[in-house]
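Novice: Following is a predicted model, sequence given first.
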2 protein chains.
Amino acid sequence: MIYEPLFKLERTGVQIHYYTNIRKYNPVHWHSAVELIYILNGNAKISIEGKDYPVVAGEFVVIDSNLLHEFCCRGESMMVVIHFSRSSMKNFIPNLDEYHFQCARAELQKENLGAYLEICELLKGLPPLYVMHPTGYKLKSQAIAMEIFFELVNQFAEAGEWVQKPEKRENLERLEEIIEYIELHHKEQISLESIAAHFYLSREYFSRFFRKNMGVTFTRYVNQVRLMHIYQEICNTEFGIMELAEKHGFTNYKLFNKMFHEVYGCTPREIRMSRKRS
Amino acid sequence: MIYEPLFKLERTGVQIHYYTNIRKYNPVHWHSAVELIYILNGNAKISIEGKDYPVVAGEFVVIDSNLLHEFCCRGESMMVVIHFSRSSMKNFIPNLDEYHFQCARAELQKENLGAYLEICELLKGLPPLYVMHPTGYKLKSQAIAMEIFFELVNQFAEAGEWVQKPEKRENLERLEEIIEYIELHHKEQISLESIAAHFYLSREYFSRFFRKNMGVTFTRYVNQVRLMHIYQEICNTEFGIMELAEKHGFTNYKLFNKMFHEVYGCTPREIRMSRKRS
């Protein structure tokens, strides 16, 4: 699933995930939960609404609700991802919608560095709980995450209605349907004409709408979705690479190789080889 | 309400209360939540299953689920009381029923002093949040309470089924009905005969059952309940003291004065006077 409309969040409204990846790529997506990505090891590039934020080990980035974001990491990495449900957090902070979040190392003001490092300190408490599993580690993890959210609200939330303009909300609803359609049909040849017609839009309007809201052209996005699926199958199956590319809708093999290298920083064959060796 | 079968606990299963009292007396009661009492100011006497635990400022006591306890504080005091719902905590700690809690300063082993002081340190973080009300103070308070429970489970929980023997559980169910009956009828003259008959028990059996399970005789308990109500009205109404004693079922005025002094450490008239002065 690329589009994540609903997380199965814990009853406290906080969900914590730990990831260990060799290469990871998530095309543009969004969700209603506020997301915090903390890099434990390696580095990654996160794009938020079209702007790139490189992050290295020990740093974190916060992505506010419903912001379009893309995740790319070419080497080995370990990370903690926390999702905070806005509606659950509103049980504790009734006026939460008056705030929006922005926090990345690169854009930090000098006077906020202390607060940023304090959150890093709290984040450092999570991996040992995950590794050692002491009795009640889930309770303590939740407590740490809740403290982090408290610090975020007090140090990195900016005043100003978070509630989105109706126009943006409507756009997201329409995009949601489009993304779902692409996910379902990415193995087929989806032309700009056919998808525009499916949504009762002109070719030109659809093209502009998609590019403007997703920050990427329709054709490129469909290929990104295909690449993600192909990468999964290269890692987990024995199917030939050309076969996989075709299966997931790539007809232009040269373009496939070029895009693959762009995103994952190596050739499909290199991934297959390294998997076989390990 | 003396008997508190159900707390309106927060969705996290943690409820935090702050009390400022001049004298406070709660006759024997119990509830399914685990309770932590932290004295900020003054001192108090807490009896758990008939055993006295004096507590002074800076100390805390933990009372496990369904243990009978009594609270008495004669002077000015400030305290934090936290209730942890066992069933909610089981969402985080599935095997919680394998533990029971015991933690009081007086019974502390030398090797546990560090852990005890660590919890004190966490508790100290609560009053400033309550006084200053920063944005999201409820979230942070909950987080602190959850960390405290994590520490309690790891440092002050003893292995051994918490799940009560059927006999004890049945006794509590019967006591619950008796306590409710007393609360409802304390203004009347409830004789040992009449209440025993109401529950289809012999006078002798009822008397023994009550004394054994509540740690206090039936007659004394009824008078404790009356005292608690009278104290409230002395503080909050203008009714004459004799009138109040009679209204709440005291017929022996001498006994009333004696018990009142025992529990609150002063005469009813002194309380009236000090209220009038302030």
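Specialist: That came in fine, so what should we check first?

Novice: from here on, contacts and neighbour counts on C-alpha atoms
Specialist: Will do.

Novice: what about stretch A:121-132, average pLDDT?
Specialist: Mean per-residue pLDDT for stretch A:121-132: 95.

Novice: Just the residues contacting that stretch, thanks.
Specialist: A:38, A:137, A:141, A:144-145, A:147-148 (C-alpha atoms under 8 Å, 6 or more residues apart in numbering or on different chains).

Novice: filter these down to the ones close to chain B.
Specialist: Taking C-alpha under 8 Å from any C-alpha of the partner chain as the test, chain B is in contact with A:137, A:144, A:147 out of the contacts of stretch A:121-132.

Novice: So which of the residues you listed sit within helices?
Specialist: A:137, A:144, A:147 (DSSP state H).

Novice: Now flag whichever of those is closest to chain B.
Specialist: Distance to chain B, by C-alpha to the nearest C-alpha, is smallest for A:Glu147 among those, at 5.5 Å.

Novice: how much space between that closest one and B:Ile144?
Specialist: To B:Ile144, A:Glu147 is 8 Å away according to C-alpha to C-alpha, to the nearest Å.

Novice: And for the residue in the stretch 51-200 of chain A positioned nearest to chain B, the neighbour number?
Specialist: Nearest residue of the stretch 51-200 of chain A to chain B: A:Ala143, at 4.3 Å (C-alpha to the nearest C-alpha). Other residues near A:Ala143 number 25, with proximity taken as other C-alpha atoms under 10 Å in any protein chain shown.

Novice: Find the nearest non-adjacent residue to it, please.
Specialist: B:Ala143 (4.3 Å; C-alpha to C-alpha, 6 or more residues apart in numbering or on different chains).

Novice: does A:Pro54 sit in a helix, a strand or a coil?
Specialist: When classified by DSSP: H, G, I helix; E, B strand; the rest coil, A:Pro54 comes out as strand.

Novice: Can you tell me the closest non-neighbouring residue to it?
Specialist: Leaving aside its sequence neighbours, A:Pro54 sits nearest to A:Lys45 (C-alpha to C-alpha, 6+ apart; 4.4 Å).

Novice: Output the helix or strand encompassing the one you found as CSV, restricted to C-alpha atoms.
Specialist: If you go by DSSP states H and E, A:Lys45 is part of strand A:43-48. What follows is strand A:43-48, C-alpha atoms only, in CSV (Å, rounded to 0.1, in the frame of the first residue of the first chain):
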residue,chain,number,x,y,z
ASN,A,43,21.2,8.1,5.7
ALA,A,44,18.1,8.9,3.6
LYS,A,45,16.5,11.6,1.5
ILE,A,46,13.0,12.6,2.4
SER,A,47,11.1,15.0,0.1
ILE,A,48,8.2,16.9,1.7
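
Novice: Could you list every helix and strand that that strand packs against?
Specialist: strand A:51-56, strand A:69-84 (3 or more C-alpha pairs under 8 Å, 6 or more residues apart in numbering or on different chains; DSSP states H and E).

Novice: quick one: that strand to chain centroid distance?
Specialist: Computed by C-alpha atoms, centre = their mean, to the nearest Å, the chain-centroid distance of strand A:43-48 equals 9 Å.

Novice: Okay, now the sheet partners of that strand, with direction.
Specialist: strand A:51-56 (antiparallel), strand A:69-84 (antiparallel) (DSSP bridges).

Novice: Any idea how far apart the tips of stretch A:230-247 sit?
Specialist: Where stretch A:230-247 begins and where it ends lie 9 Å apart, using C-alpha to C-alpha.

Novice: buried ones in that stretch?
Specialist: Residues of stretch A:230-247 classed as buried by neighbour count (16 or more other C-alpha atoms under 10 Å in any protein chain shown): A:230-231, A:233-235, A:241, A:244-246.

Novice: wait, A:His100 sits on A:Gln155?
Specialist: No. Look at A:His100 against A:Gln155 with C-alpha atoms under 8 Å: they stay out of range, at 11.4 Å.

Novice: Residues of the stretch 51-200 of chain A that sit close to chain B?
Specialist: Contacts of the stretch 51-200 of chain A with chain B, taken as C-alpha under 8 Å from any C-alpha, map to A:89, A:92-93, A:134-140, A:142-144, A:146-147, A:150, A:153-154.

Novice: quick one: the helices in the stretch 1-150 of chain A?
Specialist: Secondary structure of the stretch 1-150 of chain A by DSSP state H, counting those that start in this stretch: the helices cover A:86-89, A:113-124, A:126-132, A:137-155.

Novice: centre of the chain versus the first one, how much separation?
Specialist: Distance, stretch centre to chain centre, for helix A:86-89: 20 Å (C-alpha atoms, centre = their mean).
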